[in-house]
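Trainee: Sharing a model that was predicted from the sequence below.
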Amino acid sequence: MTLFKSLTARAGLPAAAAVAALAVAAPSYAADITLKMHTFLPPIANPPKTFLNPWAKKVEEASKGKLKV
């Protein structure tokens, strides 16, 4: 076996394994994800009203609906 064939044969196996791993993992990226946020404060308190709820909306908008809080 020549040096070139030996190197490509050795490099081909890890590359094939990487492609197979990506093919298996790809469907998990397509699913929507729901994150749960909890605070001990009531919804009318200042922290949830002023930065937690607006942050949750920004996350949803930035992810184009893929992430929901």
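Mentor: Looks like it arrived, so ask away.
Trainee: would you list every one of the strands in this protein?
Mentor: Assigned by DSSP state E, the strands in the chain fall at 33-34, 67-68.
Trainee: which residues touch the closest residue to P42 other than its chain neighbours?
Mentor: Leaving aside its chain neighbours, P42 sits nearest to P48 (7.6 Å; criterion: CB to CB, 6 or more residues apart in numbering). (Glycine included, C-beta is placed from N, CA and C.) Contact analysis of P48 by CB atoms under 8 Å, 6 or more residues apart in numbering lists 39, 41-42.
Trainee: for these, which one is nearest K58?
Mentor: T39 (16.9 Å; CB to CB).
Trainee: quick one: the closest one and N46 touch, right?
Mentor: No. Under the criterion of CB atoms under 8 Å, T39 makes no contact with N46, lying 11.3 Å away.
Trainee: confidence score at the residue nearest to P42?
Mentor: With respect to pLDDT, P48 scores 89.
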